[in-house]
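[1] No sequence on hand, only this structure:
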C-alpha cells in the first residue's frame, strides 16, 4: 500500500521582493486538504536571546488564501455589478469581458509565478 503525504509550504516575499518558501507542515493528504490562509504575529526579543526579553506585539495581519472557487464567486458578483452598470448591451458585454480578463489574468499570473519559482517537488 502506498502512503500519500502532503507538505504545506508558506510562500512569502522579503523586503527585496524575493520569493521564499518554508515548509510549515507535513502529513497525510487529509490533514490539510484545503488550506485557508495565514496569520502573522509580531514579537520583540532582547538581543541577548534570553526568554525574559520576549514581548509579543500582537497580530500583524491575516492573509486569506484564495482558491479558484473563491475567484469564480467574486467573478460572479462583479459580473452582476457589470450587468447593472450599462444598459447598452454591447458596452455591457465589452466591459464584462474586460473585468473577466483582468480578474483571471491577475489570479493566473500569481499562480504562474509561484509555479515557475516553486513548481518542483524538492524542498
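    The structure has been received and is ready for your questions. Remember, predicted model here, so these are calculated numbers, not experimental data.

[2] quick one, strands of the protein?
    Using DSSP state E, the strands of the chain run over 5-13, 19-28, 37-44, 55-64.

[3] Tell me which of the ones you listed approaches residue 70 most closely.
    Distance to residue 70, taken as CB to CB, is lowest for strand 55-64 among those, at 8.2 Å. C-beta here means a position set from N, CA and C on the backbone, and glycine is covered the same way.

[4] Neighbouring strands of that closest one in the sheet, and parallel or not?
    strand 37-44 (antiparallel) (DSSP bridges).

[5] The strand it pairs with to strand 19-28, inter-axis angle?
    Using axes from the mean of the first three to the mean of the last three CA atoms, to 10 degrees, the direction of strand 37-44 lies 120 degrees away from that of strand 19-28.

[6] Let me see the backbone angles for the residue lying farthest from the centre of the chain.
    Most distant residue from the mean C-alpha position of the chain: residue 88, 36.2 Å away (CA atoms, centre = their mean). As for residue 88, its main-chain torsions (degrees, to the nearest 10) stand at phi -80, psi 120.

[7] how near is it to residue 16?
    47 Å (CB to CB, to the nearest Å).
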